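Enquirer: My questions concern the predicted model and sequence given below.
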Amino acid sequence: MTSFEFATAACVVFGAGSRRRAGELCSTLGRRVLIVTGTSLARADWLLPLLEERGIAVHQMATAGEPTIPLVTRGAATAREHGCDTVIAVGGGSAIDAGKAIAALATNQDDVFEYLEVIGRGAPLREAPLAFMAIPTTAGTGSEVTRNAVLASPEHRVKVSLRSAAMLPRIALVDSELAQGVPSGVAAASGLDALTQLIEAYVSRRANPMTDALCLAGIPLIAQSIRAACADGAHAEARDAMALGALWSGMALAHAGLGAVHGLAGPIGGMFDAPHGAVCAALVPHVVAANLRALCAEDAGSAAVSRFSTLSRLLSADGNATPAAVAPWLLDLTHELGIPALRTYGMAARDVPPLAARALQSNSMKTNPVSLTEEQLARIVEAAL
């Protein structure tokens, strides 16, 4: 049996309507809260009376788009200025990553590059972060149960992680009803991001029995629910399934790692104003096809290839599906859900070589099921253009 370790949010509260417990749960963390949302502060209006009735002081901060290093640095200063002891993030993966980083940097006041991976020293945090609660409003990144925050550095045109086990949320409150009203395009991109994370974790070189269990349950759950969830935001059963699948995807990726999809998505997100989930969705069919070709060239009978057989059956619910069916199934799904090609974000053929070169340096490439060359990565991006 493979040895493994597993750590996630200290407390996961899941279920439709569970947001009504937010005040009670927050009161166990602190008395002065910074609420971090996406673009609209109104997304957290429901939370304010629940905190106020518990006597909890509230300050708010909106974040536009995916979090940047300057933004979270300002947020950390805001938390200190108001004497906050707790951060609550309400929103998609970007808001949650922003809140997670703000909670960490509020107590660790050194130059942020001391702690950042790739473009910094990657040193461990010196002080415990502020208490942090994550309340996702989209079913996507699973950031509510991971230990890192992905931050963009406009200066370097790259996305990097701020990472520490101490950054795991104290509480992850997952209420699928909060996804009501999310535009279908956002639901599709975030849902496909969650599916991609489960797929990459399942075929990862670091997969273990715990992550396998999560992936084997989560992949068919999302595959069978994502169309309904995107077509009808009021479909309660589909919303619940997507929220649970996304939660499991976060747990799985945090322990098994990811692969070439996320290895490429990081540089793309750093160089172009492109939403992470949509980028992953555009890439995943082509990465799966490239991985399978490379694995079969090495050993068509390997255990790694057999995982693609299982993956094909999980996605299609067809007991006779072959590994070769995975990429076409995913490509059909992305087309059906309206995922745009990468050229939509201003990418062109001239951008492919530097993107492929940067992707080779990504930590996610270390757990891809097979080593891919810069040329193979370039062909993947070209196919997704």
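Expert: Cool, got the structure.
Enquirer: which stretches of the stretch 1-150 of the chain form strands?
Expert: Listed in chain order, the strands found in the stretch 1-150 of the chain under DSSP state E, counting those that start in this stretch are 11-14, 32-37, 57-62, 86-91, 131-136, 148-153.
Enquirer: Quick one: closest of the ones you listed to A246.
Expert: strand 131-136 (7.3 Å; Cβ to Cβ). Placement of C-beta: from N, CA and C, glycine included.
Enquirer: which helices and strands does that closest one pack with?
Expert: helix 22-26, strand 86-91, helix 93-107, strand 171-174 (3 or more Cβ pairs under 8 Å, 6 or more residues apart in numbering; DSSP states H and E).
Enquirer: Flag every buried residue along that strand.
Expert: Within strand 131-136, the residues that count as buried by 16 or more other Cβ atoms under 10 Å are A131, F132, M133, A134, I135, P136.
Enquirer: same thing with stretch 297-312?
Expert: In stretch 297-312, counting by 16+ other Cβ under 10 Å, buried: A304, V305, R307, F308, T310, L311, S312.
Enquirer: who's in contact with the most centrally placed residue in the chain?
Expert: Against the mean C-alpha coordinate of the chain, by Cα atoms, centre = their mean, the closest residue is T141 at 2.4 Å. For T141, the contacting residues are 92-93, 96-97, 190, 193-194, 197, 246, 249-250, 276-277, by Cβ atoms under 8 Å, 6 or more residues apart in numbering.
Enquirer: which one of these sits closest to G122?
Expert: D97 (17.2 Å).
Enquirer: Without its sequence neighbours, what residue ends up closest to the closest one?
Expert: In this structure, D97 finds its nearest non-sequential neighbour in A149, 4.0 Å apart by Cβ to Cβ, 6 or more residues apart in numbering.
Enquirer: Name all residues that make contact with that neighbour.
Expert: Contacts of A149 (Cβ under 8 Å, 6+ apart): P67, V72, D97, A98, K100, A101, A104, S143, S161, L162, R163, M167.
Enquirer: Pull out the buried residues from the worst-scoring helix or strand of the chain on mean pLDDT.
Expert: The weakest-scoring helix or strand in the chain, judged by mean pLDDT, DSSP states H and E, is strand 158-163 (a mean of 92). Of the residues in strand 158-163, V158, K159, V160, S161, L162, R163 count as buried by neighbour count, 16+ other Cβ under 10 Å.
Enquirer: quick one on the thing from earlier: got a pLDDT number for the residue nearest to the centre of the chain?
Expert: With respect to pLDDT, T141 scores 92.
Enquirer: Alright, that wraps it up for me.
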